[in-house]
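Colleague: Provided below for reference: sequence and predicted model.
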Amino acid sequence: MPIDMPEMPAAVAAALASGLPRFAVAASPPAENIAAAMVVRPSISRSGRTIARSIETALAQGSGAGVGAPMVVMGLDDLAQGKSPRQSPSRLWLQLLPAGDTGQRALAEVDQASGQLTSVSEGAEVKALARQIDQVASAASRSASTTRQELALISVPALHLTAVWLKGSPKTGSDDIVIPNDGPIAPLVPGQRYPLAEFQRLVKAMAADRIAKTQGDMGG
């Protein structure tokens, strides 16, 4: 089934163009007599070289390099009430930057409301998400189906859950599919494809359980 990659909004492109150079400078090696913490942003202090090389590659190819998608961020109350991600605005845009000489990619996050680049990160979760997106794109390129889906992302911070969301369209007869990323998200299985209705059923129960446990911890 072909997957449509969403077009990057102009405001996101502008945020990356203005924000990435500042992160690249912040990730540069410090002078010998300056403490690293003084020149490296907290969000990139753990592996500055990997992120710096990925940013440099993105800037060399243009701010639109890499693969990006809008992200819906949902809270426990919304999930427990059965709210669909289709009812939530995509406040964030995540951009997988191209790999630098380390062979690894960094992930840039843009707040679409403010038009600001808010973070650049890397690590196991970013690698897993990149792998999920690559697999989706590869499978789509081999599909003979004429129905189409569009790439998006879902995040539930309180459940440590991020998922690839393939948005279907009634016009083409395609359904929504959600693919959870790696993480401690049982009973969801990382990498498994869930119809949206089943995904909502599972996360509704997960959210209700988390809310109940949180309220229990606060009492007595």
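Modeller: Okay, I see it. Numbering: from 1, shown residues only.

Colleague: which parts of this structure are strands?
Modeller: Along the chain, the stretches classed as strands by DSSP state E are 3-4, 67-73, 92-96, 107-111, 116-121, 149-156, 161-167, 177-180, 194-195.

Colleague: the second one vs strand 107-111, what angle?
Modeller: What it means is strand 67-73. 50 degrees (axes from the mean of the first three to the mean of the last three CA atoms, to 10 degrees).

Colleague: repeat that for the longest one.
Modeller: Orientation check (the same axes, to 10 degrees): strand 149-156 against strand 107-111 gives 80 degrees.

Colleague: by mean pLDDT, point me to the weakest helix or strand of this protein.
Modeller: One helix or strand of the chain scores below all others by mean pLDDT, DSSP states H and E: helix 36-39, with a mean of 34.

Colleague: distance of the residue nearest the centre of the chain from residue 165?
Modeller: When CA atoms, centre = their mean is applied to the chain, the residue found nearest the centroid is residue 94 (5.0 Å). Computed as CB to CB, to the nearest Å, the residue 94 to residue 165 distance reads 12 Å. All C-beta atoms are positioned from the backbone trio N, CA, C, and that covers glycine.

Colleague: between these two, which contacts overlap?
Modeller: residue 153 (CB atoms under 8 Å, 6 or more residues apart in numbering).

Colleague: any weak-confidence spans in the chain?
Modeller: 1, 24-50, 61-65, 102, 139-147, 170-174, 216-220 (pLDDT under 70).

Colleague: in it, which spans are helices?
Modeller: If DSSP state H is used as the criterion, the helices of the chain fall at 10-26, 36-39, 48-61, 76-80, 124-142, 196-218.

Colleague: nearest to residue 161, out of these?
Modeller: helix 196-218 (7.3 Å; CB to CB).

Colleague: next up, the contacts around residue 132.
Modeller: Counted by CB under 8 Å, 6+ apart, residue 132 has contacts 164, 179, 181, 191.

Colleague: the nearest residue to the third one once chain neighbours are set aside: neighbour count?
Modeller: Going back to what we said before, that points to residue 181. In space, and not counting its chain neighbours, residue 181 is closest to residue 162: 4.4 Å by CB to CB, 6 or more residues apart in numbering. Other residues near residue 162 number 23, with proximity taken as other CB atoms under 10 Å.

Colleague: bridging residues for residue 162?
Modeller: residue 155 (DSSP bridges).
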